[in-house]
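[1] pasting the sequence and the predicted coordinates here, then a few questions.
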Amino acid sequence: MILVAPGIALDEAELEESFLRASGPGGQNVQKVETAVQLRFDIARSPSLPEAVRRRLLRLGGRRVTEAGVLVITARRHRTRERNRQEARERLLALIREAAAPPPPPRRPTRPTAGSRLRRLEGKARRAGLKRLRGRPVEET
């Protein structure tokens, strides 16, 4: 069991890992060793997730979630298979923790104070006066 957040623990059997060849530079090693990791987690059928977390996770996953509700995370940054496995799991856990976090409190609309409105208007008048002085002098007749 992997402890994710309070009240949420994933069973190791729910995670499906497959290994593939990483792209990019790496010399002779990159042609024959499958170090990249593709981690699949079935959000839609997971018994470990509460319904609210499941909905938020499907939304947070974005393009990484298939139509069947499977989250696919690919890690290929590191040279070793173990480090890529660890990174993929950490990214999955971070995503689930973000989905499990309580939503922020709603914003209460506020109004500017009378003093701040007055200061704003005084500043605008001062700036307008400065700009007015930049113009051509008025000819007196």
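    It's in. Numbering: from 1, shown residues only.

[2] doesn't residue 17 belong to a strand?
    Yes - per DSSP: H, G, I helix; E, B strand; the rest coil, residue 17 lies within a strand segment.

[3] and it, how far is that from residue 89?
    9 Å (CB to CB, to the nearest Å). C-beta: built from backbone N, CA, C; applies to glycine.

[4] pick out whichever of the two has more residues nearby.
    Using other CB atoms under 10 Å as the criterion, residue 17 and residue 89 rank with residue 89 on top: 19 against 15.

[5] from memory residue 87 sits against residue 80, does it?
    No - using CB atoms under 8 Å, residue 87 is not in contact with residue 80, being 10.4 Å away.

[6] quick one, which of the two is more surrounded?
    Neighbours were counted for residue 87 and for residue 80 using other CB under 10 Å; residue 87 has more, 17 against 10.

[7] ok, residues contacting the helix or strand that contains residue 58?
    Assigned by DSSP states H and E, residue 58 belongs to helix 51-61. With CB atoms under 8 Å, 6 or more residues apart in numbering as the test, helix 51-61 has contacts from 8, 43-44, 46, 49, 65, 69, 71, 95-96, 98-100.

[8] if anything else comes up later, I'll come back, but that's it for now.
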